[in-house]
Each structure stands twice: as structure tokens, then as C-alpha cells.
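> Here's my sequence, what's the structure:
(2 chains)
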2 protein chains.
Amino acid sequence: MKFMENKNVNLAGGYWKNKEEVNRKITMEAVWNRFSETGRIKAVTFDYKVDENFTVHHFWDSDVAKWMEAASYFIGKGHNEFTERMEYLVDGIVNNQMEDGYFNSFYQYPGKIGGRFADRNMHELYCAGHLMEAACAYYEATGKDRFLRAMERYADLIERVFIKEESAAFATPGHEEIELALVKMYKTTGKEKYLRMARFFLDKRGTDRKDYGDRWGIVGVGLYSQSHIPVREQHTAEGHAVRATYLYSAMADVAKIAGDEELEAACEKLFSDIVNKKMYITGAIGSSHLGEAFTVPYDLPNERAYAETCASIGFAFFANRMTALKNDASYADVAERALYNGMMAGLGIGGDDFFYTNPLEINLSHHGKDVSVKEAEWLPITQRKKIFDCSCCPPNINRVLASIGGMIYGYENDTLYVNQFAESRGEENGLWVKQKTDYPNDGKVIIESNAERLCVRIPSWCTNFTSDVSFKEEKGYAVFDGGCAEINMEMKPVLIGADPRVRDNYGKAALNMGPLVYCIEGIDNKDIFELSLNSDASFETEYDEGFGLYRIKAKGARKTGDGKLYSPLNFNKEDIDMEFIPYNCFANRGKSDMKVWINLA
Amino acid sequence: MKFMENKNVNLAGGYWKNKEEVNRKITMEAVWNRFSETGRIKAVTFDYKVDENFTVHHFWDSDVAKWMEAASYFIGKGHNEFTERMEYLVDGIVNNQMEDGYFNSFYQYPGKIGGRFADRNMHELYCAGHLMEAACAYYEATGKDRFLRAMERYADLIERVFIKEESAAFATPGHEEIELALVKMYKTTGKEKYLRMARFFLDKRGTDRKDYGDRWGIVGVGLYSQSHIPVREQHTAEGHAVRATYLYSAMADVAKIAGDEELEAACEKLFSDIVNKKMYITGAIGSSHLGEAFTVPYDLPNERAYAETCASIGFAFFANRMTALKNDASYADVAERALYNGMMAGLGIGGDDFFYTNPLEINLSHHGKDVSVKEAEWLPITQRKKIFDCSCCPPNINRVLASIGGMIYGYENDTLYVNQFAESRGEENGLWVKQKTDYPNDGKVIIESNAERLCVRIPSWCTNFTSDVSFKEEKGYAVFDGGCAEINMEMKPVLIGADPRVRDNYGKAALNMGPLVYCIEGIDNKDIFELSLNSDASFETEYDEGFGLYRIKAKGARKTGDGKLYSPLNFNKEDIDMEFIPYNCFANRGKSDMKVWINLA
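Numbers count the residues shown, from 1 in each chain, chains lettered A, B, ... in the order given. Prediction:
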């Protein structure tokens, strides 16, 4: 299928519309302000004095570019409050682009240009890719082409240096991104050259000695940056999770456009490896802070989870591309999980603070326990921050929340696919669709469209999916003749268990309702680490205005011992009320213990 | 009570006798050989050429001194195979002692002497303390006094520099040990001065600005080395676990000798804090590798346990002193736990390889998982080693296994206390005792003695303690009129639970039998992380010749999911046979997964 483009889909209400508005009014402004204060805006526009007080970081371009991409999406929908800033940024970039097409605010800082294209880990092609994505988005939103033309000149330089002359010190980038950006360049400009470049970087990866000396490589040479073997031979997800999912996204893009079955097969295996062995229940991935990386199967620590917000986003990108490639709802299902939970935990309810890492458990007593020594055990932070030194996640949230529309509908021939549920209207290529729903607070969805055939995703969490008209099931979709249906997905709290091989979750359960993972916080529950639930516990739901989502109440138990640290098994259990909130709402009411995986009684 | 001295108690058979013999024939030789190969012996005897290939480490003296202490215990019991080497070492030390009494092979290395008594963390007084302990032991074993006199001269220098002149750069040592050593000097020489010195160092601790600048101090100044507040005010166990227990041992010594109730009260609180909140079921302590330290209550990770062998030993020392101070069996009970499990796990069955850290869980798949990045997540090693760079544990095992006799019997007035169970004979001060038993393989113990009153420890693990003659219970002892009793302690496998606040053990149980903690290993059980036990499981025992202890068999279950990583609770359970071995025998048959805390079904 082809996804209906974001610019052709308007959110009309509900959860994602609300978040889109928070993003436009608060998050976009907050990120812009922090990027201004920290020098990122000045750096990219070269609007600074050269002195010892100002230094440029080597991936600031990408931070700003992601904000620009988001701003472009908003401008494309008529929100002109970002136009002036966009033009200012485009001016800065276009006016400072080098004669040969090069643009990088770090290497163009006085005295540094000699180092360009010399260090595989300095994110040049990563920054270039994000600028290209922004340029494509801005062109498609406005029709103005000077940013896109500038990025085409940059792409031409990259083609010359990396492909024609092979004169760079490395063969492929340490941080993937350019690959999927080149696919966008191809789609936006129609120029085959960019698709060929994307394929070049994909197929070159893991094959060139020049890339093996990268500073991360020791035993597993290149594993960190997915450069250990050719991408077509990669069947297990390895290394830095954001890099990985950006790479896999590009692989899925090329597999679809080029009908490349070998790439497609690799994508399926990589996706399956993540979903079946390396994904948190929140859809977050990359469980280790070391290398921000995937580790071994079933190694999913809760308290020490890395689970970077950007990795959830990258995984959703990969999942959407797999949906388009395979016409299979199980992929869109994973995108939903990652977006509602892994990603949305990364944004505070106020819209102006962020998590980079997203733990599934917080035990406040463990923070600061090592006060006696200088070293510190790594633990995720417990409160969102306004900005990070490495602040890739906030503008990534900007662009995703500005483009949820592009993740909802797909079509192929006369069939309309409904991949995500959100009150919205879409129209593209003569096809129109209207969706009415209060999802995820309610499982009722009314679809009207002029399609001849309608495929509605049956979420994996849903055990009772009904409709006013009959349907058959196919690849995870309910398939209807005609373009209209009213469906009902029963929304109820369900206890989910993890594969027993997930050592950290053995004997525990996570409470889910619809696509949402729930958690308990210390602020609502006393001594959360002593609490347990019966596997047949009953639940009550209660709408929470502040969250815009339901809380869930349950009868649980507090287990207490006999006062000794170790005794023959014989615990007291006291009945207590437990209160769950959506995981994506945690840490919004001050510091608190938190737990997703609850002990079973 | 006073403990009957090691030299007056002979082990006659059973577990500890066997380990004493392994120690004498294998471990003592292995440690000597490794210390010879690594330069430790040469260093302490100054039997080396000064060149760039030879450097001395700042706590090698203590390593050798602990071996010397062990050798002295053996010599005292007529094992003369260590005599020649002892004389060689004593020659080296006495001949190279400085005019003013100073001895330290690190600072006496050419060019370094100017740095003496200048750095609180360079273990000078720690080394001095171990040398003093060795000198006392050698004097008591042989009556030869030149080593003791040399150490008296050293003690006199320390008194002058630290107490009279206060001219050292620090007020108290960064690593405690001298305090308890000075108590031994007092007991051996009868000179009050050494007791005063011990009290000086105890009372000075945590009070002097000179000690606050130590390199470990950040927020919790001095916590690492128990220097944050005066020792009498210390009520929670903090910082480096070995340092802590050596300090607490000295505090208990002085409390008893001086009748110091304030110190006694502090000792009780510290002991209780450890036993009730910070001790592994194995008696191991110091759960964090950062600072080899205690952390917050109930923070007892299994896989990432530090649990240093020396800390179990130090804890047993502290427990024995508390037993003597309080005449309370509950302390000796903890010594038993730490010796059989925490310490004995540190020695391979072959007697020549060692663990420094003693995990309660090994998941081999987690080792080497970070091959893609240079950093590595800290995990304990999985196989014992012949020697460590910091090889404090092996000679500590040497001296404990050479002096178990001194931990068994205590007496006060006409009462004989049996604190530990081991086939043995003791005689001191006109009191004699014979103990016949195959403990811990059998719970039958026959005591004969000429005491008027007999107190036999009722172990905390024992729920069925019977005797041929009647007794009453007092402070954890069965109190008999007369000096003889035949007792029976029912030995059966029991599932033990941890306080629900121990987050890592919630919903799990550890199998114990008698004083022994059990574990499962991958070599005996497939996929150990998927296994569970019912809380009412039944067990069968089977003697294992190689271990000299019983194995335990049980019916357990293997839990399997539906193939998905996350699904509504619904697992398949397959009955399987589980095989447990004593924890102290783990990692003797190659690399293997291992687990003490078993999931309950």
C-alpha cells in the first residue's frame, strides 16, 4: 500500500489531534526557544561571533533540521506562525552553503573545514539527511524550492565524494539517516539518482575496510553501527537502536520501491527479531545504555532500561514502512504500540519537557545510593528535562506529532487501509475517508469512504472486534466490501505476561487497556515494590481529565514478611486498592517510584 | 564469653576438617606459588633487583601477612612444612625494617619513602595491621618473638606519628585493620598501650578534617571509609564492606574489653542493619561493585552482586566478636551463614582457584553482550581465578580455614558454649570438650565436656531441635545442666523467602538445607531462567562424593509462552526434574548459568 500523505490527512479530534495542538502551541515553541538559547539556531544560520564562548556541536544541524521538518508540516496545513522562522533558517543555510554544495555548521566553523568527510562518527551525512528531509517537507508544504535545490547540490557533492571518487575517509556513515533521506529526495524530485545513491549506501555498508577502523569497533567490529556484515545478511537487530531503525527503514523503502526481495526478507527477519525478542512492552527498543543499543534476546531490564524516545520513533518509522511493504496490519500494530507508549512517555503532559531514556521502573531509593564514591551506576533520569546536551528526541517528537496524519491511511488499487485510529479526514488521488472515534478512550470507530474495499486493522490487543457489517480477516485486517463500516473494539483492562525468557518479568504482569500500557506510581500507591495483583483481579476505570485518558483501579495485595530478611515462605497479605495510570503519563506529578511490571500474587 | 583459642581446638573430621586439609595441602601452596610468581614474596623480603621490570604494589604486604598468619596457625598445630618459609619471610621483614620501626615494602622501594604516611588511601596502616596479626599468631604458635618485637617497634612508631605528634597527613587510616590488630597486640603482649591505640583510632575516626579530603569523598564525605561521622554515632552500615566489618570488629573487641556500652550499642545497631536489610542469603555483604560497598536497604541484586569473599570473612569476624560480646547465638548463626556460603563459594573445590566477587545468579548470555562498544557493563566473573591483581581474598581464606577451630567453642564461668558444629576436641583453662558430628551432612551432634553448664546454639534454620536430655532456651542457645548432650537438628530442604522489600527476590524462593544455601546450575538443568517451583514442592536428597555434600532433587515446572513476547496471561507448564547443588559448589564444572533465587510457580 501507499500511505496517504500527511498533508492530505487532517486530524479532527481526539488524542492525536490534542497532541498535535500541544505540539504546535507549546512543544514547537519550547524546542525553538531552547535551541535559540543553546546556540543551535545561531550555529545553523552562522549568526554568531567567533570567540571562545561559542562552540558548535557536530549534530546540531540535525536538531534544527528536525524542527524545520515539523514546522514545514504545520505550514503545509496553513499554520503560518512558523513561516518567518523557516525562511530565516533557510536563508542561513542557503547563504552559507559552500561553493561545492557542502553544508555543515560544525565543520564550517573557522578552522575545522579540513576535517570534513574524514571521521565516520561525526554525523555529517546524518545531518545532511535530516536537512534533506526538512527540505523535501518544506518544498511539499510550500512549493518553494531554494532549500530543496540547495540540498540537491549537497546530495550531488555527496555522490561525487562517496560514490564517484570514493575520496572520503569512510565509505558509509557511522550514523544512518542519509539512506532514508535520499529515498525522500527521490520521491520529492522524481530523480532516480537519489534512489541509486540510497541503494549504494545500503549495499556498501558492512563491506568496506575503510569503515572497520571506527572507534566503536572492538570484538564485534562495526556491530554498533550495523556495519559488521552486509545489510542483506543482517537478520538480527544489533547495535545502536536509532541507527538500526533508520537503516532498516531505508531498507524497507528500497525493498518496496525496487521490489528487492532480498532486502525485503532481511527486513522481515530484523523486524521479527525485535518484536519477538528485543522490544519492551511499550514498543521501546535498545535496552542498554552502553551504545544505546540492542543487547541479547530477552534482556529487557526495567529499571535500567535505555529505551530512547528516538528509538521508539525510529521503530515506528520502520513499522510503517513494513506496513506499506507487506500490507500486513501486524506491523502497524507495532507502530501503534511504540507511538502511544514508548514515544509519548518521552513528552511531558505540559508539552515542554522530555525524556531521552524511558525506564519501565523507577526506584527512587536507588538514585544517589552511590554517594560514597565518585563513579555512579547508570540509571535513567526520573524527571523530564527541558533540553539535553544531546537533544535529538525533542525535535523528533515535534516532527512525529506534526505528521501523525501520514500514518493513518493507506491505499492500493481500490482498497483503503485504516492502519491507525484517530478522528480524521483524508483525501488523496480521488479517494476520501472520514473516521469518527474517541480512540483510545473508546473502541467505537465509524469509517466512511468512497473506497470499494476497506481494510481495518484488528489490533493485537483486541480480543473482541465486532462490526455492523460482516468482514473476513486477512493479514490482521478486517476486510469489508465497500468503503464504510462501524466497528467496535472492546476496551478493557487486560493483564499481559511476558515470555518466560524475559528474566526481569517472570512472575509479573503488565496492565494494558487498548493500545495503552499502564503503570503504578508511588504518588498514587504506597510502597509499590511490595504490591501484587491476582491474575484474576477485577478492574474499574475512571476518566482522568488531566491525562485525557482513563485511570484503572484494582484490588491488589501488599505482601509483608515476618520482619526478618529471610524466613521460610509465609507472608502476610493485606488487601489494598491499587491505582494505575497510563505509562505515557508517568512522572508528571513530581518524583515518584514507578513500575510497569507488577508482581503477581 | 571468651572463644577457646584456635591452637587449643583440633578439628577431627567432617566438612571443616576436610577444608582445613585442602587448605594446608593445596590452597596454602597455591597462594604461596602465585605470590612468588607475581613478586609479592620478593617484595616483602626485598629480594629483588631495582629495575623497570619490577614494581611493588601498595598492599602486597597485607597479602603476604595473611598467608603468614595462616602458616602460623598451622605451625602451631605442628605442621612444620611452613616453618622454613616463615623464617625466610620474617628475616626479610626484620632485616629490612627501618631504624625508626617503619616497614612497608611499597614505600621502602627506592625513591618512595618520602611519601610515607602522606596518603590516607595507601593502605600503610592496613598493611601494618596484617603484619601485626601475623606476628601475634607466629609468636603464639612458636614462642619466637623477633617478628612480634619488630611489629611492636612499628606500633611504637605509629603511636608517635599518629597519636603523640599527629604529624601524619591523615588522622585515621582509609582502610581499617590496624584497630583490630592493635587489640590482638594487646592480647598477645598484655600491654595496655596497644588497647589505648586501638581506642584512639576508633574514636578519632570521623572527627578530623585531615581525613575529609580523601579522594573518595563527594556528597557523602567519608562514607566510603566509614569516616562520615564518629563511629559511636554510626548506626547504619555504609561504604566499603570489608573496611566496615574490620572496623566494626575492632569496635566489638574494644566494647567487650573495655565494657564500653556506647560502642556496644553502636555495634548492635550496625549488625542489625546488615542482617535485616543488607545481607545476601549467603551471608555475603556489600552488594555494589561501586566502592565494593553497602548500598541502600534491600538493594541486593543477584546477578550484579559484588559480595566480596573478604567481606563475608570480615562479617564472620564481626559476628564472632558479637557472639563473644553478647553471649547470643543469633550472632554465631550469621557467622555460620557467611562461612559456609559467602566465604566457601570463594574457593574452588580443587582448592586452588578463587572468586573475589560471588554472584547469586549467572546468565552467561549477558556476558560479552556489549561487544559492540568499548565500555562494558559491570558483571562478576563466572569462573574462579588462580590469582587477582587485588588478591586479598585467597590469603584471607587461608587464614580462616586455618583457624576455624577458634570459632567453635566459647566459655564463661562454668558454662561452655558450642557456637559451631564440627567434629573436634578442645581444651583450654581446664575445660575440655569433644564434639562428634557429621554436620552439615547430618544434624546429629554429640557433645561431651567437663563443663557444668552447656549452651548449644539452636540454628535459626532449624525448626526441629531435639535432645536426649531436657533443656531450656536462652538467647538462641539450648541450655543444658551438665556438660553433655546428644542433640538432633532435623536437616531437610526448606524454601526460604526474602522480605518483600527485596525487589529482586519478590515471588522467588531459595532452597536451603541446614546452613547451606542451594542453587541450580545450567549444567544440571536446562534453561534455568524458565524454571519455577511450587511453594509446596517435595524434595529428595542425594549425597555427592565430589562435593562432599548433598544434592537436592525436586519436581519443578518449565513455563513456556505462546511464542509471542507479550500475551494475555496464559502459560504452559511442563513438569520437569530440577537438581540443586550447594551454592558453595557452583562454578566447579565449567561455565554455567546459575541461580539461587528460584521463581515460584
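> Give me the residue ranges of the stretch 201-350 of chain A where confidence is low.
A:213-221 (pLDDT under 70).
> hmm, try it at 80
Filtered on pLDDT under 80, the stretch 201-350 of chain A yields the residue ranges A:212-221.
> would you list every one of the helices in it?
A:241-258, A:261-273, A:309-326, A:329-337 (DSSP state H, counting those that start in this stretch).
> Quick check: which helices or strands does the third one pack against?
Other elements packing on helix A:309-326 under the criterion 3 or more Cβ pairs under 8 Å, 6 or more residues apart in numbering or on different chains; DSSP states H and E are strand A:2-3, helix A:241-258, helix A:261-273, helix A:329-337, helix A:393-401. (Each C-beta comes from the backbone N, C-alpha and C, glycine too.)
> quick one: which of these is nearest residue B:313?
Set against residue B:313 and scored by Cβ to Cβ, those come closest in helix A:241-258, at 43.1 Å.
> Tell me, please, where in chain A the pLDDT is lower than the cut-off.
Short version for chain A, where the test is pLDDT under 80: A:212-221, A:368-377.
> quick revisit: need the helices of the stretch 201-350 of chain A in TSV (columns: distance to residue A:301).
What follows is these, written out as TSV (distance: least, Cβ to Cβ, whole Å):
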stretch	distance to residue A:301
helix A:241-258	14
helix A:261-273	19
helix A:309-326	15
helix A:329-337	19
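> The nearest residue to residue A:547 once chain neighbours are set aside: how many residues sit nearby?
By the measure of Cβ to Cβ, 6 or more residues apart in numbering or on different chains, the closest residue to residue A:547 outside its immediate chain neighbours is residue A:585, 4.6 Å from it. By the criterion of other Cβ atoms under 10 Å in any protein chain shown, residue A:585 has 22 neighbours.
> Now do the same contact list for residue A:585.
By Cβ atoms under 8 Å, 6 or more residues apart in numbering or on different chains, the contact set of residue A:585 is A:349, A:544, A:547, A:549.
> and if we set it to 10 Å?
A:344-345, A:348-349, A:516, A:518-519, A:521, A:544, A:546-549, A:551 (Cβ atoms under 10 Å, 6 or more residues apart in numbering or on different chains).
> can you check residue A:46 too?
A:56, A:92-93, A:95-96, A:105, A:108-109.
> Next: residue A:443.
Going by Cβ under 10 Å, 6+ apart, residue A:443 touches A:421, A:437, A:459, A:462, A:464-466, A:487-492, A:513-514.
> which of those count as buried?
A:421, A:437, A:459, A:462, A:465, A:487, A:489, A:491, A:513-514 (16 or more other Cβ atoms under 10 Å in any protein chain shown).
> Now for those residues: which two are most distant?
A:487 and A:513 (17.5 Å).
> Residue A:284 and residue A:300 touch, don't they?
Yes: Residue A:284 is in contact with residue A:300 according to Cβ atoms under 10 Å; the separation is 9.2 Å.
> Now for these two: what residues contact both?
Shared contacts of residue A:284 and residue A:300 (Cβ under 10 Å, 6+ apart): A:307, A:360.
> Which one's more surrounded, those two?
Set residue A:284 next to residue A:300 and count neighbours by other Cβ under 10 Å: residue A:284 wins out with 31 against 28.
> So the more buried one versus residue A:311, what's the distance?
In this view, residue A:284 and residue A:311 are 7 Å apart by Cβ to Cβ, to the nearest Å.
> anything in contact with each of the two?
In contact with both residue A:284 and residue A:311: A:241, A:338, A:342-343, A:357-358, using Cβ under 10 Å, 6+ apart.
> circling back: what subset of the contacts of residue A:443 is also close to chain B?
Among the contacts of residue A:443, none lies close to chain B by the criterion of Cβ under 10 Å from any Cβ of the partner chain.
> who does residue A:552 bridge with?
Residue A:552 forms beta bridges with residue A:541, residue A:580, as assigned by DSSP bridges.
> how about it, what does it touch?
The contact partners of residue A:552, taken as Cβ under 10 Å, 6+ apart, are A:492-493, A:511-513, A:516, A:518, A:520, A:539-542, A:578-582.
> Tell me the buried residues within the contacts of residue A:585.
By neighbour count, with 16+ other Cβ under 10 Å, the contacts of residue A:585 hold A:344-345, A:348-349, A:516, A:518-519, A:521, A:549, A:551 as buried.
> Of these, which belong to strands?
A:516, A:518-519, A:521, A:549, A:551 (DSSP state E).
> Quick check: the residue nearest to residue A:547 vs chain B, distance?
20 Å (Cβ to the nearest Cβ, to the nearest Å).
> same deal with residue A:579?
Residue A:579 is 19 Å from chain B, by Cβ to the nearest Cβ.
> What is the burial count for that residue?
16.
> how about the closest residue to it other than its chain neighbours, secondary structure?
Among residues not flanking residue A:579 along the chain, residue A:524 sits closest, at 4.1 Å (Cβ to Cβ, 6+ apart). Secondary structure for residue A:524, judged by DSSP: H, G, I helix; E, B strand; the rest coil, is coil.
> Surely residue A:524 is in contact with residue A:595?
No: counting by Cβ under 10 Å, residue A:524 does not reach residue A:595; the two are 11.3 Å apart.
> any shared contact partners between those two?
Taking Cβ under 10 Å, 6+ apart as the criterion, residue A:524 and residue A:595 both touch residue A:580.
> okay, those two: which has more neighbours?
Neighbours were counted for residue A:524 and for residue A:595 using other Cβ under 10 Å; residue A:595 has more, 26 against 17.
> On the strand side of things, show who that one bridges to.
residue A:361, residue A:520.
> follow-up on the earlier one: the helices of the stretch 201-350 of chain A into JSON lines, with extra columns for mean neighbour count?
Shown next, in JSON lines, are the helices of the stretch 201-350 of chain A (neighbours: other Cβ atoms under 10 Å in any protein chain shown):
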{"stretch": "helix A:241-258", "mean neighbour count": "26"}
{"stretch": "helix A:261-273", "mean neighbour count": "18"}
{"stretch": "helix A:309-326", "mean neighbour count": "27"}
{"stretch": "helix A:329-337", "mean neighbour count": "25"}
